[in-house]
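A.B. asks: build me a model:
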Amino acid sequence: MSLILIKNAQIVNEGEVIEGDVLIDGEYIVDIDTSISSKSSDTIVIDAEGKYLIPGAIDDQVHFREPGLTHKATIETESKAAVAGGITSFIEMPNTVPQATTQKLLEDKFKIAANSSYANYSFMFGGTNDNLEELLKTNPSNVAGIKLFLGSSTGNMLVDNEEVLEKIFSSTKMLIAVHCEDEATIQHNLEAYLKEYGDDIPVELHPKIRSEEACYLSSSKAIKLAKKTGARLHIFHVSTAKETELFTNKIPLEKKQITAEVCVHHLWFDEADYKTKGTHIKWNPAVKTEKDKEGLWKALLDDRIDVLATDHAPHTKEEKLQVYTKAPSGGPLVQHALPALFTAFRQGKISVEKIVEKFCHNPAKIFKIEKRGFIKKGYYADLVLVDPASPWTVTKQNILYKCGWSPFEGTTFYSKITHTFVNGSLVYENGVFHNNLKGKRLLFNRTHE
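C.D. replies: Numbering: from 1, shown residues only. The predicted model follows:
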């Protein structure tokens, strides 16, 4: 296998940016130095002058829709879009058809990915009101975690039995990731607006229905239960400034028992965007106020929020264009999340080092992923080159999602992903895919669990 030498890159790793070279041999990074000379005539040399070299992003929350909902997306189509967007590893959610709520159904998804994923992959086991015994069979060394929906979402897996919830929290040492929205509050709000508008509720009212109160009630309850039981809790897609008060930056990430994630769409959009974007930005939890957006940025930067993610959740254009009550929540994001974050960097909202910390390093730390998320010798060569000064506009023609649309359509980003390496293979280069299907199953260092 030939060596690959990346030269003159701005290497972003562990809070520093250093100009230097990285040598890849097979699947691994074998050398990092200020200057590495080519050791053999068949070494492939890539000049990265003026570009950032970052670890491949690790997206801890995606919905790739396979099996069962493949008219919306497949693992192959969406992992391909992810790689083009600089995401080299993903963790997929259990609310597919059938839902991944037995060990067999979970393994079926791993088999699909083994044959069709461009990126590295893991899947979460789905907890329900009545599958605790099956849940406890989950292998912590090769499954990312347990996912619980404490508010209903696509493919209703709502866990609303408090006794069951406490039992799950106290029975497993595995990371429990939760979708937090209080169902009773949502239903109460929805009923009021249905009386007023029928099914055609204006989409601008989505954040009033799936309100700040619904999010805070559920998040605070989950945190209280985690503290009571000692569970390892990770709260997905925090969407309100109020919820950020529930998290701490007083202890290092490695010691946190309760961690939090924010998604790119909650940092980019706010309620003013419903006028132009309509149901294309209808997500659960909802995109909320500008004040919420500012609060999320603040918490991300001061380390109360630990991780960036996408909650990539595609639906067809036809599905999204239905009336409010029928239009499903969620949208595609994996191809555009990193370019959006690098645009935020250009706007002075976040540093490149912080993007890498939250989208590459911290997911690897939180999930204890083996040999990924950093640019280190002996680690897998999951690497991304970003040209910070290469503007491009999102158009229908360059969208790779199977659903064919993006809430970012018409947006001009200032930075471009030029090269993506997965396990040492150059899979994506300037719009062209090579050496496809290099993804591997993620493994986890969790001997004590």
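
A.B. asks: you'd agree Trp268 is up against Pro339?
C.D. replies: No. The criterion here is Cβ atoms under 8 Å, and Trp268 misses it with Pro339 at 11.1 Å. Heads up, the C-betas are built off the backbone N, CA and C, glycines and all.

A.B. asks: so between those two, which is more surrounded?
C.D. replies: Pro339 (24 against 21; other Cβ atoms under 10 Å).

A.B. asks: look up how far Leu333 lies from that one.
C.D. replies: The gap separating Pro339 from Leu333 is 11 Å, by Cβ to Cβ, to the nearest Å.

A.B. asks: before we move on, what about Lys438?
C.D. replies: 22 Å.

A.B. asks: got the contact list for Tyr118?
C.D. replies: Tyr118 makes contact with Glu76, Ser79, Lys80, Ala82, Val83, Val422, Val427, Phe433, Asn436, Leu437, Lys438, Gly439 under the criterion Cβ atoms under 8 Å, 6 or more residues apart in numbering.

A.B. asks: report the lowest-confidence entry in those.
C.D. replies: The lowest pLDDT within the contacts of Tyr118 belongs to Asn436, with 74.

A.B. asks: so how far is Tyr118 from it?
C.D. replies: 6 Å.

A.B. asks: wait, Pro407 touches Cys263, no?
C.D. replies: No. With contacts counted by Cβ under 8 Å, Pro407 stays clear of Cys263, the gap being 11.9 Å.

A.B. asks: where's Lys147, which helix or strand?
C.D. replies: For Lys147, the element it lies in under DSSP states H and E is strand 145-149.

A.B. asks: what packs against that strand?
C.D. replies: The contact analysis (3 or more Cβ pairs under 8 Å, 6 or more residues apart in numbering; DSSP states H and E) places strand 145-149 against strand 120-126, helix 162-171, strand 176-179.

A.B. asks: now the angle from that strand to strand 120-126?
C.D. replies: Angle of strand 145-149 versus strand 120-126, following axes from the mean of the first three to the mean of the last three Cα atoms, to 10 degrees, is 50 degrees.

A.B. asks: just the residues contacting strand 145-149, thanks.
C.D. replies: 91, 93-95, 124-127, 135, 138, 156-159, 165, 168, 172, 174-179, 234, 367.

A.B. asks: for stretch 315-330, same thing?
C.D. replies: Contacts for stretch 315-330 (Cβ under 8 Å, 6+ apart): 63, 71-72, 153-154, 194, 197, 199-203, 205-206, 279-280, 282-284, 311, 313-314, 331, 403-405.

A.B. asks: tell me the buried residues in it?
C.D. replies: In terms of neighbour count (16 or more other Cβ atoms under 10 Å), stretch 315-330 has its buried residues at His315, Thr316, Glu319, Lys320, Tyr324, Ala327, Pro328, Ser329, Gly330.

A.B. asks: from these, which is closest to Asp21?
C.D. replies: Ranked by distance to Asp21 (Cβ to Cβ), those are led by Gly330 at 40.9 Å.

A.B. asks: confirm that closest one sits in a strand?
C.D. replies: No. Counting by DSSP: H, G, I helix; E, B strand; the rest coil, Gly330 is not found in a strand; it is coil.

A.B. asks: from Ser425, how far out is it?
C.D. replies: Gly330 is 31 Å from Ser425, by Cβ to Cβ.

A.B. asks: just to revisit the earlier point, which of the contacts of strand 145-149 are buried? Put it as a ChimeraX command.
C.D. replies: Selection of the buried residues among these in ChimeraX, burial being defined by 16+ other Cβ under 10 Å:
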select :91,93,94,95,124,125,126,127,135,138,157,158,159,165,168,172,174,175,176,177,178,179,234,367
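
A.B. asks: can you give me the helices in the stretch 201-350 of the chain?
C.D. replies: For the stretch 201-350 of the chain, the helices defined by DSSP state H, counting those that start in this stretch occupy 206-209, 212-229, 241-244, 264-268, 274-277, 290-301, 317-320, 337-346.

A.B. asks: in a markdown table, list those helices along with distance to Leu253 and mean pLDDT.
C.D. replies: Shown next, in a markdown table, are these (distance: least, Cβ to Cβ, whole Å; pLDDT from 0 to 100):
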| stretch | distance to Leu253 | mean pLDDT |
| --- | --- | --- |
| helix 206-209 | 30 | 98 |
| helix 212-229 | 16 | 97 |
| helix 241-244 | 16 | 98 |
| helix 264-268 | 19 | 98 |
| helix 274-277 | 33 | 98 |
| helix 290-301 | 13 | 98 |
| helix 317-320 | 36 | 98 |
| helix 337-346 | 19 | 98 |
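
A.B. asks: closest to Gly20 out of those helices?
C.D. replies: Short answer: helix 337-346, nearest of the helices of the stretch 201-350 of the chain by Cβ to Cβ, at 20.3 Å.

A.B. asks: from the contact counts, what lies against that closest one?
C.D. replies: Using 3+ Cβ pairs under 8 Å, 6+ apart: helix 337-346 touches strand 57-62, helix 264-268, helix 352-356, strand 383-387, strand 412-413, strand 416-422.

A.B. asks: who touches it?
C.D. replies: Against helix 337-346 from outside (Cβ under 8 Å, 6+ apart): 57, 59, 85-87, 264, 267-268, 308, 310, 350-352, 355, 359, 384, 386, 388, 392, 408, 411, 413-417.

A.B. asks: likewise for stretch 163-170?
C.D. replies: Here stretch 163-170 has contacts from 127, 129-130, 132, 135, 146, 148, 150, 159, 176, 225-226, 228-231, 233, using Cβ under 8 Å, 6+ apart.

A.B. asks: can you pull the pLDDT of the residue nearest to Asn8 when sequence neighbours are not counted?
C.D. replies: In this structure, Asn8 finds its nearest non-sequential neighbour in Glu49, 4.5 Å apart by Cβ to Cβ, 6 or more residues apart in numbering. At Glu49, the model reports a pLDDT of 98.

A.B. asks: doesn't Glu49 belong to a strand?
C.D. replies: No. Assignment of Glu49 by three-state DSSP gives coil, placing it outside any strand.

A.B. asks: tell me where the stretch 51-200 of the chain is predicted with low confidence.
C.D. replies: 151-156 (pLDDT under 70).

A.B. asks: what is the neighbour count of the closest residue to Gln10 other than its chain neighbours?
C.D. replies: What sits nearest to Gln10 in space, not counting adjacent residues and going by Cβ to Cβ, 6+ apart, is Tyr52, at 4.8 Å. Using other Cβ under 10 Å, Tyr52 has 21 other residues around it.

A.B. asks: show me what Tyr52 is bridged to.
C.D. replies: Note on Tyr52: beta-bridge partners by DSSP bridges are Gln10, Val386.

A.B. asks: low pLDDT regions in the stretch 301-449 of the chain?
C.D. replies: Ranges of the stretch 301-449 of the chain meeting pLDDT under 70: 448-449.

A.B. asks: if we can go back for a sec, need the helices and strands packed on strand 145-149 in JSON lines (columns: distance to Ser239).
C.D. replies: Output for the helices and strands packed on strand 145-149, formatted as JSON lines (distance: least, Cβ to Cβ, whole Å):
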{"stretch": "strand 120-126", "distance to Ser239": "20"}
{"stretch": "helix 162-171", "distance to Ser239": "21"}
{"stretch": "strand 176-179", "distance to Ser239": "11"}
